[in-house]
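> Predicted structure and sequence below. I'll ask about it afterward.
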Amino acid sequence: SAVISQKPSRDICQRGTSLTIQCQVDSQVTMMFWYRQQPGQSLTLIATANQGSEATYESGFVIDKFPISRPNLTFSTLTVSNMSPEDSSIYLCSVELVRTGGEDYGYTFGSGTRLTVV
Amino acid sequence: GNSVTQMEGPVTLSEEAFLTINCTYTATGYPSLFWYVQYPGEGLQLLLKATKADDKGSNKGFEATYRKETTSFHLEKGSVQVSDSAVYFCALYSGAGSYQLTFGKGTKLSVIP
């Protein structure tokens, strides 16, 4: 299985500023996923990031607000731009566990970034 | 669309009590079902999974059976420990061209000595 390092683990930011979250995986993976967990809510997929192509965003999320980079097969960043208090959430990156014999083992998650916007 | 509904928390149990966290789902096709656990200050960890009807996933004393007839995947443990205190998420993966996991809202479990 893959080990994911995510940083920062938490931050308090001023509204109007931007924060870039980094996600490093200890093995090469094709797809990386970024989720948001709002207070008291379930996880929601923001976008899927493939190396060498633009990220695919889910409904309700746009590239100008959440630009994503995927420069290689082990690293990705998510930027939360022009932040407002409504962006206060936990942001998590995720990768798909290695398949064996075609079986899907599910997804591994980073420890998350707890963002508070004031 | 897909959805997961799990019982509201928080749930507080005494050590060695029996645990059930209910989870039901709505999905097209034949989804894979998962339970994830989030310990305080940590990321989500896969606890167990089941990929087809009547499969039973198990890990660390936890079990869940994929019940297609009731569209359920309830999490159970016969004797909880203080170290089981965490938030538990039920999730499904339906495939069909989407890599998205659909999560329930999570159930916080606190086990007291």
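Yep, it's here. Numbering: from 1, shown residues only, chains lettered A, B, ... in the order given.

> which stretches of chain A form helices?
With DSSP state H as the criterion, chain A has no helices.

> now the helix or strand of it at the bottom of the mean pLDDT ranking, how far from the chain's geometric center?
One helix or strand of chain A scores below all others by mean pLDDT, DSSP states H and E: strand A:107-109, with a mean of 85. How far strand A:107-109 lies from its chain's middle: 11 Å, per C-alpha atoms, centre = their mean, to the nearest Å.

> what do you get for stretch A:75-86?
With C-alpha atoms, centre = their mean as the basis, stretch A:75-86 stands 9 Å off its chain's centre.

> Each with direction, which strands does the least confident helix or strand of chain A pair with?
strand A:89-96 (antiparallel) (DSSP bridges).

> For the strand it pairs with, C-alpha coordinates in PDB please.
This file holds the C-alpha atoms of strand A:89-96, laid out as PDB (Å, rounded to 0.1, in the frame of the first residue of the first chain):
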ATOM      1  CA  SER A  89     -12.400  22.700   6.000                       C
ATOM      2  CA  ILE A  90     -10.200  19.700   6.100                       C
ATOM      3  CA  TYR A  91      -8.600  19.000   2.700                       C
ATOM      4  CA  LEU A  92      -7.400  15.500   2.000                       C
ATOM      5  CA  CYS A  93      -5.400  13.900  -0.800                       C
ATOM      6  CA  SER A  94      -6.000  10.300  -1.800                       C
ATOM      7  CA  VAL A  95      -4.500   7.700  -4.100                       C
ATOM      8  CA  GLU A  96      -5.900   4.400  -5.300                       C
END
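
> So what touches it?
Applying C-beta atoms under 8 Å, 6 or more residues apart in numbering or on different chains, the contact partners of strand A:89-96 are A:2, A:4, A:6, A:21, A:23, A:25, A:29-39, A:43, A:46, A:76, A:78, A:80, A:104-115, B:43-44, B:99, B:101. From N, CA and C alone the C-beta is placed, and that goes for glycine too.

> Now go through those and say which are in strands.
Members of the contacts of strand A:89-96 lying in strands (criterion: DSSP state E): A:4, A:6, A:21, A:23, A:25, A:31-37, A:43, A:46, A:76, A:78, A:80, A:107-109, A:113-115, B:44, B:101.

> Under the pLDDT cut-off, which ranges of chain B? List them.
Along chain B, segments meeting pLDDT under 70 span B:96-99.

> Please enumerate the strands of it.
For chain B, applying DSSP E gives strands covering B:3-6, B:11-14, B:19-21, B:23-26, B:32-38, B:44-50, B:56-59, B:62-65, B:75-77, B:86-93, B:101-103, B:107-112.

> Show the contacting residues for the residue positioned nearest the centre of chain A.
Central residue of chain A (C-alpha atoms, centre = their mean): A:Trp34, 2.8 Å from the mean position. By C-beta under 8 Å, 6+ apart, the contact list for A:Trp34 reads A:23, A:45-47, A:49, A:66, A:68, A:76, A:78, A:91-94.
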